[in-house]
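1. Next comes the sequence, and after it the predicted model I'd like to discuss.
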Amino acid sequence: MSLSVKRVETKPYEGQKPGTSGLRKAVKVFQQPNYTENFIQAILNSIHPLPGSVLVVGGDGRYFGKEAVDIIIKIAAANGVAKLIVGQNGILSTPAVSTLIRKYQVTGGIVLTASHNPGGPDNDFGIKFNSSNGGPASDSVTEKIYEITKTISFYNIVPDLNVDVSKLGETNVQIGGKPFTVQVIDSVADYLALMKEIFDFAKIKSLIQGSSSRPPFKLLINSMHGVTGPYVEHIFIKELGAAKDNTVNTVPLPDFGGHHPDPNLTYAADLVTAMKNGDYDFGAAFDGDGDRNMVLGKKAFFVTPSDSLAVLANNLNCIPYFKKTGVKGFARSMPTAAAVDRVAAAQKKEIFETPTGWKYFGNLMDAGRLSICGEESFGTGSDHIREKDGIWAVLAWLSVIAELGESVEQILLKHWKTFGRNYFTRYDYENCESAPCNEMMKKLEEKVTSPSFVGQSLSSQGKTFVVKKGDNFEYVDPVDKSVAKNQGIRVLFEDGSRLIYRLSGTGSSGATVRLYAESYEPASGSITVEASVALQPLVQVALDLSELQKFTKRDKPTVIT
Ligand SMILES: O=P([O-])(O)O[C@H]1O[C@H](COP(=O)(O)O)[C@@H](O)[C@H](O)[C@H]1O
Ligand SMILES: [Mg+2]
């Protein structure tokens with residue numbers, strides 16, 4: 001079959017600037033004439049050399065995903081791309097895209113997701129470009145794509161190319177005399193193969209199924225109707241012998257059943273409720289595209305993502321992969337509590353503090369300096385790929401539990417008794433008006449960077465915190481020396497407590513304010529208090545300092561984690 005290319009005149013759209021993790025907007029925005037086409041053409045124009053390139057394409061199955069896959073196929077074909085590797089029905093988790101890019105050593109990938117944002121005709125869609133290392137494109141690449149969107153005047157398309165992505169196999173066509181291939185692949189197979197290389201599946205299976213000396217370890221895994229459903233069914237039920245009712249919400253839905261597919265205590269409340277009475281030993285939930293995870297122990301014992309990272313970092317010897325690769329350094333994003341720093345110090349490993357956004361870990365991994373990293377935003381992962389990985393995190397936890405023979409709560413208590421505890425909480429004020437939030441951040445920055453701020457005593461509820469330092473976080477990449485500025489306002493106190501204020505980079509409209517509070521309690525101190533109680537005075541200081549309630553017009557946050 002030989003098909004011809006059509007050149008379509010277009011005009012730039014404002015605001016096609018990718019955020020923390022790709023371009024995320026309302027579906028209706030992507031549905032405007034040429035909006036999606038422009039952005040795809042801009043991504044392709046940023047690739048050099050484009051002719052002969054190979055890209056992985058897939059997403060979390062949300063509304064508009066199928067249409068976007070179709071547009072990508074038609075535009076890629078028209079621009080000299082040699083081949084697209086597409087997940088069946090357009091389905092690939094974000095970790096699976098990263099796996100495929102690396103395994104087949106291709107040019108990059110296009111991920112169709114708005115992650116944890118709700119889906120459906122009135123909700124969000126997203127497009128993200130990943131580079132040849134399998135990770136989200138660097139700031140310089142996304143900046144280049146954005147620049148191209150500002151002046152774009154045409155795109156190329158093959159309107160008559162229709163590929164059925166529901167069927168596995170290859171479609172080969174000739175476009176202007178050159179071959180173009182679409183290969184539709186099983187969404188799970190390559191990712192499953194990688195997990196089998198990393199973990200001891202037989203050992204995890206015997207934990208889940210139990211033995212003559214140990215009862216079965218009961219899981220409750222909630223896919224929140226996101227992309228992890230097929231992966232969870234294949235890995236946990238088929239491979240690891242979990243019962244069918246150990247998994248719920250495993251059918252991916254275009255609108256995630258009307259929910260926020262975000263694994264936290266608010267949006268995954270059904271998991272928390274189901275775990276409360278102690279019927280299950282371990283619970284987990286994932287976000288829409290499968291890179292985030294939340295881990296719970298028996299009776300919904302909550303593991304903060306910051307603690308999860310620290311515990312895994314301290315127990316990498318339970319995972320076969322790290323026996324092979326050795327343990328390099330550790331990293332966390334700046335707002336993430338510093339529990340892992342203590343593990344790094346004990347093991348005499350490098351520790352990196354990066355801006356929010358998984359892309360910042362990629363260079364360190366590529367340079368062989370980073371093995372495992374995480375973020376407070378329910379992200380955990382390692383250098384097996386270049387995205388955070390929800391299912392990997394659960395398999396890592398099960399490996400640790402199988403090796404130690406202890407419950408999640410016992411593991412955490414032991415960890416705190418060894419390293420002390422970093423209490424942490426995050427308050428989210430979602431969908432606020434942008435202008436007053438920007439003003440709040442500006443005022444706050446002026447306040448915390450004024451020379452008289454250091455040394456001030458801030459008090460609340462009988463506790464006093466003395467300011468050690470205030471700044472707007474700036475990161476210099478240790479590998480390529482690139483600089484990321486304005487990454488969040490920090491207030492550091494003499495006793496090691498920290499307050500961070502950021503505006504989210506993953507929302508699709510308005511502003512979401514994030515307030516992060518952390519304090520440290522040594523191993524000999526009170527390490528078993530409720531985090532909300534331990535952090536109450538510090539949070540009050542944070543609210544007073546920023547006048548957050550006045551600027552956001554909210555008397556309480558939308559979500560607390
Ligand atoms: O949305 P995901 O799962 O891709 O996650 C993305 O957003 C998170 C939160 O960003 P923000 O605080 O700016 O909303 C980041 O921590 C993460 O690295 C990034 O990949
Ligand atoms: Mg995600």
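-> Now that the structure is in, tell me what you want to look at. Ligands and ions are numbered 1, 2, ... in the order given.

2. how far away is Trp491 from ligand 1?
-> I think there's a mix-up here, since residue 491 is Val and not Trp. For Val491, the distance to ligand 1 equals 18 Å [CB to the nearest ligand atom, to the nearest Å]. (C-beta placed from N, C-alpha, C; glycine too.)

3. That residue and Phe465, how far apart?
-> 9 Å (CB to CB, to the nearest Å).

4. In terms of neighbours, single out the busier of these two.
-> A direct count of neighbours by other CB atoms under 10 Å for Val491 and Phe465 places Val491 higher, at 26 against 23.

5. correct me, but the more buried one touches Val448?
-> Yes - Val491 lies in contact with Val448 (CB atoms under 8 Å); the separation is 5.6 Å.

6. Give me the common contacts of these two.
-> Here Val491 and Val448 share the contacting residues Gly470, scored by CB atoms under 8 Å, 6 or more residues apart in numbering.

7. Count the residues that sit near the residue of the stretch 1-150 of the chain found nearest ligand 1.
-> Residue nearest to ligand 1 within the stretch 1-150 of the chain (CB to the nearest ligand atom): Ser115, separated by 3.3 Å. By other CB under 10 Å, 26 other residues sit near Ser115.

8. Enumerate every residue touching it.
-> Ser21, Arg24, Asp60, Thr94, Gly126, Asp287, Gly288, Asp289, Asp291, Arg292, Thr506.

9. restrict those to contacts with ligand 2.
-> When contact is defined as CB under 5 Å from the ion, the contacts of Ser115 meet ligand 2 at Asp287, Asp289, Asp291, Arg292.

10. what's the neighbour count on Leu404?
-> When neighbours are counted by other CB under 10 Å, Leu404 registers 13.

11. Surely Ala534 and Gln461 touch.
-> No - judged on CB under 8 Å, Ala534 makes no contact with Gln461 at a distance of 11.6 Å.

12. These two: which has the busier surroundings?
-> Higher neighbour count among Ala534 and Gln461: Ala534, with 20 against 10, using other CB under 10 Å.

13. How about the more buried one: what's its closest non-neighbour residue?
-> Nearest non-adjacent residue to Ala534, counting by CB to CB, 6 or more residues apart in numbering: Tyr423, 4.6 Å away.

14. what's the helix or strand for Pro254?
-> Under the criterion DSSP states H and E, no helix or strand holds Pro254.

15. roughly how far apart are it and Val8?
-> Distance from Pro254 to Val8, by CB to CB: 27 Å.

16. between these two, who's got more neighbours?
-> Pro254 (18 against 15).

17. was I right about that one contacting Glu67?
-> No - contact criterion CB under 8 Å: Pro254 and Glu67 do not qualify, at 11.1 Å.

18. Determine which two of the ones next to ligand 2 among the contacts of Ser115 are furthest apart.
-> Asp289 and Arg292 (8.2 Å; CB to CB).

19. quick one, which of the two is more surrounded?
-> It is Asp289, of Asp289 and Arg292, that has more neighbours when counted by other CB under 10 Å, with 32 against 29.

20. Residues of the chain that sit close to ligand 2?
-> So the chain meets ligand 2 at Ser115, Asp287, Asp289, Asp291, Arg292 (CB under 5 Å from the ion).

21. what's the nearest residue to the last one if we skip its chain neighbours?
-> Taking CB to CB, 6+ apart, and ignoring the residues beside it in sequence, Arg292 has Phe378 as its nearest neighbour in space, at 4.1 Å.

22. Show the contacting residues for that neighbour.
-> Asp262, Pro263, Asn264, Asp287, Arg292, Asn293, Met294, Pro305.

23. and the fifth one, what are its bridge partners?
-> Assessed by DSSP bridges, Arg292 has beta-bridge partners Gly379.

24. My guess is it contacts Gly379. True?
-> Yes - counting by CB under 8 Å, Arg292 does reach Gly379; the two are 5.7 Å apart.

25. Common neighbours of these two, please.
-> Joint contacts of Arg292 and Gly379 (CB under 8 Å, 6+ apart) are Lys388.

26. what number of residues lie near Ser452?
-> 8.

27. Just confirm Lys203 is within a helix.
-> Yes - when classified by DSSP: H, G, I helix; E, B strand; the rest coil, Lys203 is found to be part of a helix.

28. Can you show me the helices along the stretch 201-350 of the chain?
-> 201-209, 228-232, 269-276, 305-314, 320-325, 339-347 (DSSP state H, counting those that start in this stretch).

29. how about those, which one is nearest ligand 1?
-> Between those, helix 305-314 lies closest to ligand 1; by CB to the nearest ligand atom that is 9.6 Å.

30. same for that closest one, what does it pack against?
-> strand 329-333, helix 339-347, strand 370-375, strand 379-382, helix 390-404, helix 408-419, strand 421-432 (3 or more CB pairs under 8 Å, 6 or more residues apart in numbering; DSSP states H and E).

31. could these go into a markdown table alongside distance to Asn156?
-> Shown next, in a markdown table, are the helices and strands packed on helix 305-314 (distance: least, CB to CB, whole Å):
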| stretch | distance to Asn156 |
| --- | --- |
| strand 329-333 | 38 |
| helix 339-347 | 47 |
| strand 370-375 | 38 |
| strand 379-382 | 36 |
| helix 390-404 | 36 |
| helix 408-419 | 53 |
| strand 421-432 | 37 |
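
32. Turn those into a markdown table, columns for mean pLDDT.
-> Listed next are the helices and strands packed on helix 305-314 as a markdown table, based on pLDDT from 0 to 100:
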| stretch | mean pLDDT |
| --- | --- |
| strand 329-333 | 98 |
| helix 339-347 | 97 |
| strand 370-375 | 98 |
| strand 379-382 | 98 |
| helix 390-404 | 98 |
| helix 408-419 | 98 |
| strand 421-432 | 95 |
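
33. So which bits of this protein are right by ligand 1?
-> 20-21, 115-116, 287, 291-292, 333, 356-358, 375, 377, 379, 504-506, 514 (CB under 6 Å from any ligand atom).

34. Report the buried members of those.
-> Among the residues of the chain next to ligand 1, those buried by neighbour count (16 or more other CB atoms under 10 Å) are 20-21, 115-116, 287, 291-292, 333, 356-358, 375, 377, 379, 504-506, 514.

35. Filter those down to just the ones in strands.
-> Ser333, Glu375, Gly379, Arg514 (DSSP state E).

36. Pretty sure the first one sits against Phe352.
-> No - between Ser333 and Phe352 no contact is recorded; they are 9.7 Å apart, counting by CB under 8 Å.

37. Please save the CA atoms from the one helix or strand Pro537 maps to in PDB.
-> In the assignment (DSSP H and E), Pro537 maps to helix 536-546. Output in PDB follows, covering the C-alpha atoms of helix 536-546 (Å, rounded to 0.1, in the frame of the first residue of the first chain):
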ATOM      1  CA  GLN A 536       0.500  20.500  64.400                       C
ATOM      2  CA  PRO A 537       2.600  23.400  65.700                       C
ATOM      3  CA  LEU A 538       4.900  23.400  62.700                       C
ATOM      4  CA  VAL A 539       1.900  23.400  60.300                       C
ATOM      5  CA  GLN A 540       0.400  26.400  62.200                       C
ATOM      6  CA  VAL A 541       3.600  28.300  61.800                       C
ATOM      7  CA  ALA A 542       3.500  27.500  58.100                       C
ATOM      8  CA  LEU A 543       0.000  28.800  57.700                       C
ATOM      9  CA  ASP A 544       0.700  32.000  59.700                       C
ATOM     10  CA  LEU A 545       4.000  32.800  57.900                       C
ATOM     11  CA  SER A 546       2.400  32.500  54.400                       C
END
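
38. which residues touch it?
-> Against helix 536-546 from outside (CB under 8 Å, 6+ apart): 425, 427, 440, 444, 447, 458-463, 465, 491, 497, 499, 501, 515, 517, 519, 548-549.

39. thinking Gly65 is in contact with Leu112, fair?
-> Yes - using CB under 8 Å, Gly65 is in contact with Leu112, at 4.9 Å.

40. anything in contact with each of the two?
-> Common neighbours of Gly65 and Leu112 (CB under 8 Å, 6+ apart) are Gly59, Gly90, Phe125.
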